Structure formats: C-alpha cells, structure tokens
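>>> Give me a model of this one.
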Amino acid sequence: MTRRFGDRATFAVEVGEVESPDLRTVDVWAAGMQLTIDDNSAYLPSLRMAMRSTASRVRRRDVAACPFPGRSPEAVFRLLEQDGTGFRERFWFLQWGETLDSVSRYAYLDGDLVLVFSFWRPTRPVSDDVGAIFVARLAPDEFATTVRAAADLLDVRSVR
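Below you'll find the predicted structure:
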C-alpha cells in the first residue's frame, strides 16, 4: 500500500512497498513530475537522515535567498547550471541519494520555497521533458511537514 504525503502538483513523497528491512520504494514528485523515474528503491537509513535534515533546514529557513532577484525561476536555473565557480552548490537541493540522480535540482527562498529542476537523462518516459525546466512553489512549512511525515513513516519500526 502506498502512502502519499503532500500534493504531486507542488511537492509530494510517496512511500510504497517494503523491499527489505533497509529498502523501500519511495517516489518523489514536484510540479506534477515524478523525479524518481530511474530508481525508486531507497536505502532507508541514509534517506531518513537526509529527509529530516532537509525538513529541518527548510523549517528554519536555512535555505539561501534567490541568487538572482528579479529573474524568473527558469532563468535562475539556467544561470546556476552555467556556474563554474561552485556558487551553485549553495542551491543544490534534495540531496537524498541515487534515487534522484537523473535530475538537476536547486531551491531557494523567494517568499515561498522555490524548487527548480530539469531531467538530464534521456530515460524519461516522455522524452520531451529532457532539458525542460520545471518549477514548484510552496510554503516552506508545508514542504517541511510533508518531508518530515514521510521520514517518520520510513522509521525502522515502521518497515519491519
């Protein structure tokens, strides 16, 4: 049975079947797009820790402000992707392991939490999505609540 936390149209985490005591199917969605298309088998000990850390950072608003004020999220994404100085690393987001390694993703605060991402692997079911830039905006507390609730379900006691 799959449990969904959040809204696929903005941001959601779906927790699915138990594969073993340390592995479980986890799908991540943003802006109506499934981000975990190549690999959704998550190693729970590291994923739980990463999810809780991310949720805490966002709840504390410990996320950088928009790096290029006045620009569209798509333009911000392009500028960050072109950066060769390491500046863009301040905006890397959802560092949750290999389940998200086919997606370039950044986040910043601009009132809302703004997630900008693009698929870079041509393995997407809809190949027109490769290279397209997607944007999701949501309240930081909504994001943190969604991620924390999913992480709590992934607790070791929940999967045995």
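
>>> Does the most centrally placed residue in the chain belong to a helix, a strand or coil?
Taking Cα atoms, centre = their mean as the criterion, residue 94 is the residue nearest the geometric centre of the chain, at 4.2 Å. Residue 94 carries the three-state label coil when classified by DSSP: H, G, I helix; E, B strand; the rest coil.

>>> so who does it touch?
28, 35, 54, 100, 105, 107, 115 (Cβ atoms under 8 Å, 6 or more residues apart in numbering). For the C-beta atoms, the positions are set from N, CA and C on the backbone; glycine is no exception.

>>> pLDDT value on it, please?
On pLDDT, residue 94 comes in at 95.

>>> Check whether residue 36 really touches residue 101, as I assumed.
No: proximity of residue 36 to residue 101 does not meet the contact threshold set by Cβ atoms under 8 Å, at 9.8 Å.

>>> Can you pick out the residue with more neighbours from these two?
residue 36 (22 against 13; other Cβ atoms under 10 Å).

>>> Quickly note the distance from the more buried one to residue 7.
The span separating residue 36 from residue 7 equals 16 Å under the rule Cβ to Cβ, to the nearest Å.

>>> what do you get for residue 29?
Relative to residue 7, and taking Cβ to Cβ, residue 29 is found at 8 Å.

>>> With residue 108 instead?
Residue 108 sits 20 Å away from residue 7 when distances are taken as Cβ to Cβ.

>>> who's more crowded, residue 29 and residue 7?
residue 29 (20 against 14).

>>> backbone phi and psi for that one, please?
Residue 29 has phi and psi values of phi -120, psi 140 when expressed as degrees, to the nearest 10.

>>> same question, residue 15
As for residue 15, its main-chain torsions (degrees, to the nearest 10) stand at phi -100, psi 120.

>>> which residues does it contact?
Applying Cβ under 8 Å, 6+ apart, we find residue 15 in contact with 2-3, 5, 24-26, 150, 153-154.

>>> Now, those residues that are in strands?
Using DSSP state E, the members of those that fall within strands are 3, 5, 24-26.

>>> all helices for this protein, in order.
Ranges of helices within the chain are 44-59, 73-82, 140-153, 156-159, based on DSSP state H.

>>> so how far is residue 34 from residue 90?
Residue 90 is 26 Å from residue 34, by Cβ to Cβ.

>>> which of those two has more neighbours?
residue 34 (16 against 13).
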